[in-house]
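> Any chance you can model this:
(one chain, ligands or ions: 1)
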Amino acid sequence: MNQKHTVIVTGGNGFIGTNLVQLLLESRQYHVINLDALTYAANPLSLEDLEGHPDYEFVKGSITDRQLIDSLFEKHKPMGVLNLAAESHVDRSILSADDFVQTNVVGTYTMLEAARMYWNTLPDELKQQFRFLHVSTDEVFGSLGEDGFFTEETPYKPQNPYSASKAASDHFVRAFHHTYGFPTIITNCSNNYGPYQFPEKMIPLMILNALSGKPLPVYGDGSNVRDWIYVEDHCKAVKLAFEKGKPGEVYAVGASNEQKNVNLVNQICSILDNIAPPIEVPQLRDRGLKSYAELINFVQDRLGHDHRYAIDASKVQRELGWKPEVGFETGLRKTVEWYLSNPKWVDQASGGSYGEWIEKNYAWRTKKEAE
Ligand SMILES: NC(=O)c1ccc[n+]([C@@H]2O[C@H](COP(=O)([O-])OP(=O)(O)OC[C@H]3O[C@@H](n4cnc5c(N)ncnc54)[C@H](O)[C@@H]3O)[C@@H](O)[C@H]2O)c1
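Numbering: from 1, shown residues only. Next comes the predicted model:
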């Protein structure tokens, strides 16, 4: 068997990171060093099955810690980095962007600079192989009207503190390629859904609120549009871009699956009505709910809420041969089922500091109350 490639994955304990680490290990091509600070968004249970795996090592630490990162390059001599560590929740960035600037901007720069210094020391053959793949978002392009799509050529126009911090990190990555010839690749992906997503994000929030009979808060009139991709499809695109992408290139990734928020919430409710009807859930039995959709509650809109995101993914399809494999209905049902079958993971993620935080910061106000 060929020797395995050692890679550093940052943010491997988060939602996409967990799915990506699993994919890399299943391929049996990689030895994975996972550098993760284990912030509130990480769940130690996500990767607990990998304890003792011969091709997996976990390092607790921050992508802002240059000394630690230098020591990882020195010790493991990786052939690449897949940079996912980030603060990722727009609503939190609106309350305060401090951590977003630290991790997304300073952290990405620190990873880049440490990686570049290491890359400089490599012999030519290894230098040619090395890749720094930066996982980014379509939110850096701002908001679309009713028509059109984001492509790799769309000008940057971030409109909230999260997307501004991701845009800043993308610019550093691009500049490192342009200035130093450092072999970077960027993927800008649309909204992901699937197993292991932290419960503050829309899809798990709706599933878990519904199951405990809490209101389902939908921003504004629910007409904002997001383009959803199943997380495994995204991870396959990231792996392919890392292996086959051209240094300096950018790939927009999406599954052509636009949904209005309110329609998405209705679809989640109808899956739940089907597999866990309210009448069969002990704590809801006496509520007289016929459908979870009765819990939908339109709330005051998010500040500066981008109206629509949609990706034209033809470049990654054409140049790397990627295509999404999981249809939305199947993916959404799998996701709902995953949250129903993993109560221990859900309890761990929903308790502790998150439980307190959501009580304190998320006094969602109905539109009426807000007027
Ligand atoms: N979720 C999406 O829909 C989506 C879409 C496109 C791009 N992205 C990007 O993909 C990446 C992963 O997103 P996600 O949804 O998995 O995020 P997440 O919030 O679920 O996970 C982030 C992970 O990064 C870790 N982390 C945070 N700060 C760190 C630091 N300073 N040092 C080391 N680790 C740190 C956390 O502990 C956590 O494990 C992010 O860069 C995000 O911008 C996400």
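> Check whether A237 really touches Y251, as I assumed.
Yes - between A237 and Y251 there is a contact under Cβ atoms under 8 Å: 7.1 Å. C-beta coordinates here come from the backbone N, C-alpha and C atoms, glycine included.
> Neighbour count: those two, which is higher?
A237 (27 against 24; other Cβ atoms under 10 Å).
> quick one, what contacts the more buried one?
A237 makes contact with 187, 189, 251, 253, 316, 320, 322 under the criterion Cβ atoms under 8 Å, 6 or more residues apart in numbering.
> And it, how close does it get to the ligand?
11 Å (Cβ to the nearest ligand atom, to the nearest Å).
> now that residue, what's its secondary structure?
helix (DSSP: H, G, I helix; E, B strand; the rest coil).
> what do you get for the one 3 residues further on?
Of the three states, L240 takes helix according to three-state DSSP.
> Quick check: it touching Q317?
No - L240 is beyond contact range of Q317, at 10.6 Å (criterion: Cβ under 8 Å).
> neighbour count winner among those two?
Comparing L240 with Q317 by other Cβ under 10 Å, the one with more neighbours is L240, at 18 against 15.
> Wait, D91 touches R302, no?
Yes - taking contacts as Cβ under 8 Å, D91 lies within contact range of R302: 6.7 Å.
> which residues of the stretch 1-150 of the chain fall in helices?
15-26, 66-76, 90-95, 98-100, 108-120, 124-129 (DSSP state H, counting those that start in this stretch).
> Give the other helices and strands that the third one contacts.
Think helix 90-95. helix 98-100, helix 161-180 (3 or more Cβ pairs under 8 Å, 6 or more residues apart in numbering; DSSP states H and E).
> likewise the longest one?
Secondary-structure packing of helix 108-120 (3+ Cβ pairs under 8 Å, 6+ apart): helix 66-76, strand 80-83, strand 131-137, helix 161-180.
> Tell me the buried residues in that helix?
For helix 108-120, a neighbour-count test (16 or more other Cβ atoms under 10 Å) marks 108-116, 118-119 as buried.
> The first one too?
For helix 15-26, burial by neighbour count (16+ other Cβ under 10 Å) applies to 15-25.
> what does the third one give?
Within helix 90-95, the residues that count as buried by 16+ other Cβ under 10 Å are 90, 92-93.
> Noted, bye for now.
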